[in-house]
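Asks: The following block contains a protein sequence and its predicted model.
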Amino acid sequence: MTNYADEKKIRKNSLQQTIDTSDFIEVTLLIYSLEIITKVGRYFPIIFLSLASLNVLLATNDFLENSIEFGILNSIFAAVGFISLIQMHQKNKISSFDSSYNKTNSKFFLDIRN
C-alpha cells in the first residue's frame with residue numbers, strides 16, 4: 001500500500017520546482033535583454049547621426065538623378081533624424097544639469113513630499 005499524501009507532496013514539490021526554474025529562466029532572459037538594450041542605447045546618438053547622414057546622401061543622389069519624390073522623402077527622413085538627435089542632446093544636457101544641481105544643493109534642499 002502506498003501513501004497517497006506522500007505522492008501528492010512529491011508532485012507538488014516537483015511542480016513548484018519546475019515553476020521556480022521557469023521563473024529563473026524568465027528573469028535571466030529579462031536581464032540579458034536589458035543588457036543588450038543598454039549596450040545599444042549607449043550608441044543611439046551615433047546611430048541616429050549615421051542614419052540621418054545616410055539619408056542626406058541618398059536625398060542628394062535622388063535629386064541629382066531627377067527622382068524628386070524619393071529625394072523629398074529622404075530629405076524628410078534626414079530632417080526628422082537630425083531633429084531627434086538635437087532633442088536627445090538637449091534632454092541629456094537638462095538631465096545632467098538636474099542631477100548635478102541635486103547633488104550640490106542636497107543639504108539645502110527641503111523635501112516636502114512625504
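Replies: Now that the structure is in, tell me what you want to look at.

Asks: Could you break the protein into its assigned domains?
Replies: What automatic domain parsing lists as the domains of the chain is 10-42, 43-99.

Asks: Quick check: closest non-adjacent residue to residue 48.
Replies: Leaving aside its sequence neighbours, residue 48 sits nearest to residue 85 (C-beta to C-beta, 6 or more residues apart in numbering; 4.7 Å). No exception for glycine: its C-beta is placed from N, CA and C like everyone else's.

Asks: count of residues packed around the one you found?
Replies: 18 (other C-beta atoms under 10 Å).

Asks: so where do the helices sit in the chain?
Replies: Listed in chain order, the helices of the chain (DSSP state H) span 4-42, 44-64, 68-104.

Asks: tell me the most buried of these?
Replies: A comparison of the helices of the chain by mean neighbour count, using mean count of other C-beta atoms under 10 Å, puts helix 44-64 on top with a mean of 15.

Asks: Let's test this: mean pLDDT of it, rounded?
Replies: Throughout helix 44-64, pLDDT has a mean value of 93.
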